[in-house]
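A.B. asks: Below: sequence and its predicted model.
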Amino acid sequence: MAGKAGRARLWAMSGAGALVVGLLFAQPTETPLARLDFRGDKLGWDDVTLGMSVVQVERRVDGALGMTRAPDGAAVSACEAYTVDVERGTLRLTLGFPSAKPGAKLQSIFVRFEGYQISARRAALVTELKGKLPGAKYVALSGASAPAEADDPAPAYLLPGKAGLAVRLTPGEGIRLTLRDCLN
């Protein structure tokens, strides 16, 4: 009996070890920007779209938004005068509004990368972004001393269309979806 029990424990331990090794080497099933959505003049992440009202966002995230006002004198755009963090899937999104009124429109979404998204290389993120956002045009934000697109550590892109939308990638950190006027 002791021999059979010992073999059973050995099999169980080797099976558990194989599972752990498999999980360590498992490839993600999604690309880093898989939940990025751009249709027509709508830009969003995982069904949360720029231009939604506070009430519409609350319905999407199934809860009230406990917004925080930016401290007086803080260097934030009017688009992020009020912010709130929400969980969407496994990611944390920081949503920016110009006010906390129920009709205020969502003007900024910052998606904090997690797990495999953090390790995604800049070039791969830019390639995926351009594939998902056809017509996106690089814009240098630093003025005269602005780097070329390939050298920009946090490239920003203007999107085609009348809505005035933009995105900024910060490899290792996240992606900001916003209005062109709010891009910083």
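C.D. replies: Alright, I've got the coordinates. Numbers count the residues shown, from 1 in each chain.
A.B. asks: residues in contact with the residue most central in space within the chain?
C.D. replies: In the chain, the residue lying closest to the centroid (Cα atoms, centre = their mean) is residue 111, at 2.5 Å. Contacts for residue 111 were tallied using Cβ atoms under 8 Å, 6 or more residues apart in numbering; they are 35, 45, 91-93, 174-177. Where you see a C-beta, it was placed from the backbone N, CA and C, and this is true even at glycine.
A.B. asks: Next step: these restricted to helices.
C.D. replies: Among the contacts of residue 111, none falls in helices (DSSP state H).
A.B. asks: Could you rank those residues by neighbour count and give me the top one?
C.D. replies: The residue in the contacts of residue 111 with the most neighbours, by other Cβ atoms under 10 Å, is residue 177 (27 neighbours).
A.B. asks: so what pLDDT did that one get?
C.D. replies: In the prediction, the pLDDT value recorded for residue 177 is 96.
A.B. asks: Is the closest residue to it other than its chain neighbours bridged to anything, and to what?
C.D. replies: Excluding the flanking residues, the one nearest residue 177 by Cβ to Cβ, 6 or more residues apart in numbering is residue 109, at 4.4 Å. Residue 109 has these beta-bridge partners by DSSP bridges: residue 95, residue 177.
A.B. asks: Tell me the spacing between residue 105 and residue 55.
C.D. replies: 11 Å (Cβ to Cβ, to the nearest Å).
A.B. asks: Those two: which is more packed in?
C.D. replies: Legend: neighbour count by other Cβ under 10 Å for residue 105 and residue 55, higher for residue 105 (17 against 13).
A.B. asks: Angles on the backbone of the closest residue to the more buried one other than its chain neighbours, please.
C.D. replies: The shortest distance from residue 105 to any residue other than its chain neighbours is 5.4 Å, reached at residue 51 (Cβ to Cβ, 6+ apart). Main-chain torsions, residue 51, degrees, to the nearest 10: phi 90, psi -10.
A.B. asks: Relative to residue 43, how far out is residue 51?
C.D. replies: Residue 51 sits 9 Å away from residue 43, going by Cβ to Cβ.
A.B. asks: neighbour count winner among these two?
C.D. replies: A count of neighbours by other Cβ under 10 Å puts residue 43 above the other of residue 51 and residue 43, at 23 against 15.
A.B. asks: who's in contact with the nearest residue to that one once chain neighbours are set aside?
C.D. replies: In this structure, residue 43 finds its nearest non-sequential neighbour in residue 165, 4.7 Å apart by Cβ to Cβ, 6+ apart. Neighbouring residues of residue 165 by Cβ under 8 Å, 6+ apart: 38, 41, 43, 50, 158-159, 177-180.
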